[in-house]
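Trainee: Sequence and predicted structure are below.
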Amino acid sequence: MPATQAFALQPFLEHTAQALGLDLSAAQQQQLLDYAALLQRWNRVYNLTAVREPEAIARLHLADCLAALPAFRREAPRRLLDVGSGGGLPGIVLAIGLPGVDVHLVDTVQKKCAFLRQICAALGLRQVQVHHARVENLQDAAGFDCITSRAFSDLPLLIQLTAPLRADNGQWCAMKGQVPAEEIAALPNDITARVEPLQVPGLDAQRCLVWLRPTPHATNARA
């Protein structure tokens, strides 16, 4: 970071990881540092995020996604799809924190996909595949046991567009701010929602994960 910037990202990441109980290796921390620097640099040209300042990127993006990482580690997906990945949030952060997981990022904007490919090459994220496509056209990549999104759409549309991509025992996980009660109420009757509150260190705002699965009786009825 330039010397004129008072905010120091590395101590912030270390503090955030400690507050979340996250064990991040030195290599993973460096990947996050490099990712933040590249996101800020490319953002000047590609408008990847409306957030510009390094501290805001760290608090509103990195810490926000890191807060979800313990839950993803607990669920232990093998194949994960990030829908509407944009600048790589949460997909790149999850790929760094889950190095053994096959991660797929999909976005319809070419310049964002170019950025994501550059990030994966620069950070050595060989387990990540980037798709420049509409998510409903990813039939050849089906079989995800976790489908996530951070700013893609409302829950019913997420389910509608990605249901064919879900593995038999898979689930969805949408990152949200306040609990989206209206979206949950609008879900199909055969989908069960579970809300998991998140506490983002240093951020005084509501955050949650909404986990979605077909109800057991619905799954059995189709079997």
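Mentor: Here it is on my side, so go on.
Trainee: Tell me the secondary structure of the closest residue to residue 184 other than its chain neighbours, please.
Mentor: Spatial nearest neighbour of residue 184, excluding adjacent residues (C-beta to C-beta, 6 or more residues apart in numbering): residue 193 at 4.8 Å. Yep, even glycine has a C-beta here, placed from its N, CA and C like the rest. Three-state call for residue 193 (DSSP: H, G, I helix; E, B strand; the rest coil): strand.
Trainee: neighbours of residue 204, just the number please.
Mentor: Counted with other C-beta atoms under 10 Å, residues neighbouring residue 204 total 5.
Trainee: same question but for residue 207, I mixed them up
Mentor: So residue 207, with other C-beta under 10 Å, has 18 neighbours.
Trainee: Helices of the chain, start to end?
Mentor: 9-20, 26-46, 54-57, 63-75, 91-97, 110-123, 155-162, 181-185, 216-222 (DSSP state H).
Trainee: ok, back up a step: count of neighbours near the residue nearest to residue 184?
Mentor: Residue 193: 17 neighbours (other C-beta under 10 Å).
Trainee: Select, out of the helices of the chain, the one closest to residue 171.
Mentor: helix 63-75 (7.6 Å; C-beta to C-beta).
Trainee: so how far is residue 70 from residue 27?
Mentor: Applying C-beta to C-beta, to the nearest Å, the value for residue 27 to residue 70 is 19 Å.
Trainee: now swap in residue 94 and tell me
Mentor: Residue 94 is 11 Å from residue 70, by C-beta to C-beta.
Trainee: pull the longest strand from this protein.
Mentor: strand 166-176 (DSSP state E).
Trainee: tell me what that one is packed against?
Mentor: helix 63-75, strand 144-149, helix 155-162, strand 207-214 (3 or more C-beta pairs under 8 Å, 6 or more residues apart in numbering; DSSP states H and E).
Trainee: Format those as CSV; extra columns: distance to residue 173 and mean pLDDT.
Mentor: Converted to CSV, those look like this (distance: least, C-beta to C-beta, whole Å; pLDDT from 0 to 100):
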stretch, distance to residue 173, mean pLDDT
helix 63-75, 7, 97
strand 144-149, 5, 97
helix 155-162, 10, 96
strand 207-214, 5, 97
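Trainee: how many neighbours does the residue lying closest to residue 23 once chain neighbours are set aside have?
Mentor: Among residues not flanking residue 23 along the chain, residue 17 sits closest, at 7.7 Å (C-beta to C-beta, 6+ apart). Using other C-beta under 10 Å, residue 17 has 20 other residues around it.
Trainee: Show the pLDDT at residue 17.
Mentor: On pLDDT, residue 17 comes in at 96.
Trainee: Test my guess that it contacts residue 66.
Mentor: Yes. With contacts counted by C-beta atoms under 8 Å, residue 17 reaches residue 66, the gap being 7.0 Å.
Trainee: Compare the helices of the chain and give me the one nearest residue 144.
Mentor: When the helices of the chain are compared by C-beta to C-beta, helix 155-162 sits nearest residue 144, at 8.1 Å.
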